[in-house]
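> pasting the structure only:
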């Protein structure tokens, strides 16, 4: 369970990232955070694994205030929050399997990882994860030989290998075309159901949010302006979140093609 | 009709460079030209006989170098190998020492500002001392031989390598580092998994490049007493034994070309 209690975040340059955020995200939920760029979606997600640090309030992950964490506590927190990025963030020159095994780094000692001496079950787990996103045949390819959609699947496999409790996905489909976007979202949704992993996804496409989410959180200027199950959401809700009427480019489309 | 068209063209077409730029560039050009001309006349007056005198003298000396003495070849191989060994040892040690220094001198890895600035300044100081000066100092400290030469080369190549590699590190894609951090990896693991693979090809290429420089530098260092072929060459020149010196120069030439050719081929294959 993740709880935000009166969380504020002001960046050193004075930009307000989060403003008085109060949220509770229950285990196993599939939450989609929507909002325009700059609304604080990324800041919200990155607060949970402390890639950014809120300036006040309390942020509880499994009933522990993570804002006080430093050093090894912080690394331990990060091993249970897997992250997926817009640009996949793979090491392009390394092979797929090495990229996926990097998900185990937090669980592996420094010496062991430097000599590539991963435990047998870790390597097995990495291979299993690749199979789950149907990309096991590319195991020895270099990451930069893969297409965007394939790279994002490898990054999902990396997160699976990490065996986290929470998955944070920061605009995972923003660099992909519509059919591939739906494929990636389908995998995320499937993993969420099968492993009961709490998943928080940032999206700015309205139709995709509606299609995959259990619950939608709307953000504007660092504040949570909407929070409710997907059944309560209408086009009007989005107009309120975005503060303007809905446009063509707020939709990803291509749902039928996937 | 044509006349009318011409006036329009004259009025509407702007100059490619503004008048101000044109004047500035012209002034700079003439100033540079003036500096060249003055320095030319000055140096000319310092040269004893000018070019004409030097040319005649040059011809007289050149004749003495020929024919090169091939009998000296067997005796020269030892020092030549020593020179190469000097470059290999110096490059290897420098390549190892570079790694921590380059990491500390890369702004994106070393977020601790004072540490970064100290390392940077240290590297800048290293680079200000020419290798020849280092060799003269070390020969004075440790006596004539290979060791002072190796020491001078290590410091000299460390300055170049660490600087070039830290700049390579600063240009890497930071996204994979972020991903590793987000998965709970520690700093060493981040460097090993996300950074090293990205800089490894450039690192090897730069080390080979510095090796090429070191081969040439180690010959020159021999001239001031730091061992190897340069030392022998200096001795032969000192004895006015020009045919021997010529043979040594030819051997150096061939060896340097061969090593550079191989190293360039390897570097091309890497990047």
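That came in fine, so what should we check first? The model shown is predicted, which means the values in this text are computed figures rather than measured ones.

> and the end-to-end length of stretch A:34-54?
This stretch, stretch A:34-54, spans 20 Å end to end (Cα to Cα, to the nearest Å).

> One more: stretch B:122-140?
Terminal-residue distance, stretch B:122-140 (Cα to Cα): 24 Å.

> Give me the contacts around it.
B:101, B:105, B:147-149, B:151-153, B:155-156, B:158-160, B:162-163, B:166, B:217, B:220-221, B:224-226 (Cβ atoms under 8 Å, 6 or more residues apart in numbering or on different chains). Glycine gets a C-beta too; all of them are placed from N, C-alpha and C.

> Run through the residues that contact the closest residue to residue B:95 other than its chain neighbours.
Among residues not flanking residue B:95 along the chain, residue B:207 sits closest, at 4.7 Å (Cβ to Cβ, 6 or more residues apart in numbering or on different chains). Going by Cβ under 8 Å, 6+ apart, residue B:207 touches B:91, B:95, B:161.

> so which strand or helix has residue B:207?
Assessed by DSSP states H and E, residue B:207 sits inside helix B:196-223.

> what do you get for residue A:24?
strand A:16-25.

> Which strands and helices lie in contact with that strand?
strand A:2-10, helix A:41-48, strand A:223-229 (3 or more Cβ pairs under 8 Å, 6 or more residues apart in numbering or on different chains; DSSP states H and E).

> buried residues in the helix holding residue B:207?
The neighbour-count check on helix B:196-223 (16 or more other Cβ atoms under 10 Å in any protein chain shown) flags B:196-199, B:202-203, B:205-215, B:217-219, B:221-223 as buried.

> burial measure for residue B:121, as a count.
Residue B:121 has 11 neighbouring residues, counting by other Cβ atoms under 10 Å in any protein chain shown.

> contacting residues around the residue in the stretch 101-250 of chain A positioned nearest to chain B?
For the stretch 101-250 of chain A and chain B, the shortest gap (Cβ to the nearest Cβ) falls at residue A:106, measuring 2.5 Å. By Cβ under 8 Å, 6+ apart, residue A:106 lies in contact with A:75, A:76, A:78, A:79, A:162, B:183, B:184, B:185.

> next one: residue A:9
Contacts for residue A:9 (Cβ under 8 Å, 6+ apart) come out as A:16, A:17, A:18, A:43, A:47, A:52, A:53, A:54, A:55, A:222.

> Report the spatially nearest residue to the fourth one, omitting neighbours in sequence.
What that stands for is residue A:43. In space, residue A:43 is closest to residue A:17, 3.7 Å off (Cβ to Cβ, 6+ apart).

> Report the contact partners of that neighbour.
A:9, A:10, A:11, A:40, A:43, A:52, A:222.

> related to what we said a few turns ago, ok, so of the contacts of residue A:9, who is nearest chain B?
residue A:52 (11.3 Å).

> Verify the contact between the closest one and residue A:44 for me.
No. Using Cβ atoms under 8 Å, residue A:52 is not in contact with residue A:44, being 9.4 Å away.

> Tell me which of the two has more neighbours.
residue A:44 (28 against 17).

> pretty sure that one is touching residue A:219, no?
Yes. Judged on Cβ under 8 Å, residue A:44 makes contact with residue A:219 at a distance of 6.7 Å.

> Name the residues contacting each of the two.
Looking at what touches both residue A:44 and residue A:219 (by Cβ under 8 Å, 6+ apart), the common residues are residue A:33.

> Quick check: residues of the stretch 1-150 of chain A near chain B?
A:49, A:51, A:75-79, A:81-83, A:85, A:87-94, A:98, A:102-103, A:105-108, A:110, A:113-114 (Cβ under 8 Å from any Cβ of the partner chain).

> repeat that for 6 Å
A:49, A:75, A:78-79, A:83, A:87, A:89, A:91, A:93-94, A:102-103, A:105-106, A:110, A:113-114 (Cβ under 6 Å from any Cβ of the partner chain).

> before we move on, the earlier item: export the helices and strands packed on strand A:16-25 to CSV and tack on distance to residue B:241 and mean pLDDT?
Output for the helices and strands packed on strand A:16-25, formatted as CSV (distance: least, Cβ to Cβ, whole Å; pLDDT from 0 to 100):
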stretch, distance to residue B:241, mean pLDDT
strand A:2-10, 78, 92
helix A:41-48, 73, 92
strand A:223-229, 88, 91
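
> of all the ones you listed, which lies closest to residue A:155?
Taking Cβ to Cβ, helix A:41-48 is the member of those nearest to residue A:155, at 15.0 Å.

> Check which residues of the host helix or strand of residue A:182 are buried.
Element membership for residue A:182, per DSSP H and E: helix A:178-195. In terms of neighbour count (16+ other Cβ under 10 Å), helix A:178-195 has its buried residues at A:178, A:180-185, A:187-189, A:191-192, A:195.

> Toward the C-terminus from that helix, list the very next helix or strand.
Assigned by DSSP H and E, the successor of helix A:178-195 is strand A:198-202.

> Whichever helix or strand comes after that next one - what's its average pLDDT?
Downstream of strand A:198-202, the first helix or strand assigned by DSSP H and E is helix A:206-212. For helix A:206-212, the mean pLDDT works out to 88.

> With stretch B:123-142 instead?
86.

> which SS state does residue A:116 fall under?
Three-state assignment for residue A:116 (DSSP: H, G, I helix; E, B strand; the rest coil): coil.

> Check what pLDDT residue B:2 gets.
49.

> Kindly report the same for the one 5 residues further on.
Listed pLDDT for residue B:7 reads 57.

> Put the buried members of the contacts of stretch B:122-140 into a PyMOL selection.
Selecting the buried subset of the contacts of stretch B:122-140 in PyMOL, with 16+ other Cβ under 10 Å as the burial test, is done by:
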select buried, chain B and resi 101+105+147+148+149+151+152+153+155+156+158+159+160+162+163+166+217+221+224+225+226
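
> which of the contacts of residue A:9 are buried?
Counted by 16+ other Cβ under 10 Å, these give A:17, A:18, A:43, A:47, A:52, A:54, A:222 as buried.

> and these, which two are the farthest apart?
For these, and using Cβ to Cβ, no pair is farther apart than A:52 and A:222, which are 12.2 Å apart.

> Where does the prediction get shaky in chain B?
B:1-11, B:44-54, B:271 (pLDDT under 70).

> Give me the domain ranges for it.
B:2-64, B:77-270 (automatic domain parsing).

> so which of those domains is the most packed in?
domain B:77-270 (a mean of 19; mean count of other Cβ atoms under 10 Å in any protein chain shown).

> contacting residues for the residue of chain B found nearest chain A?
Nearest residue of chain B to chain A: residue B:184, at 2.5 Å (Cβ to the nearest Cβ). Residues in contact with residue B:184 (Cβ atoms under 6 Å, 6 or more residues apart in numbering or on different chains) are A:75, A:78, A:79, A:106.

> Quick check, central residue of chain B?
residue B:213 (5.8 Å; Cα atoms, centre = their mean).

> quick one: that residue from residue B:130, how far?
Computed as Cβ to Cβ, to the nearest Å, the residue B:213 to residue B:130 distance reads 13 Å.

> go on, residue A:90?
Counting by Cβ to Cβ, the gap from residue A:90 to residue B:130 is 44 Å.

> surely residue A:104 meets residue A:122?
Yes. If you go by Cβ atoms under 6 Å, residue A:104 and residue A:122 touch, sitting 4.8 Å apart.
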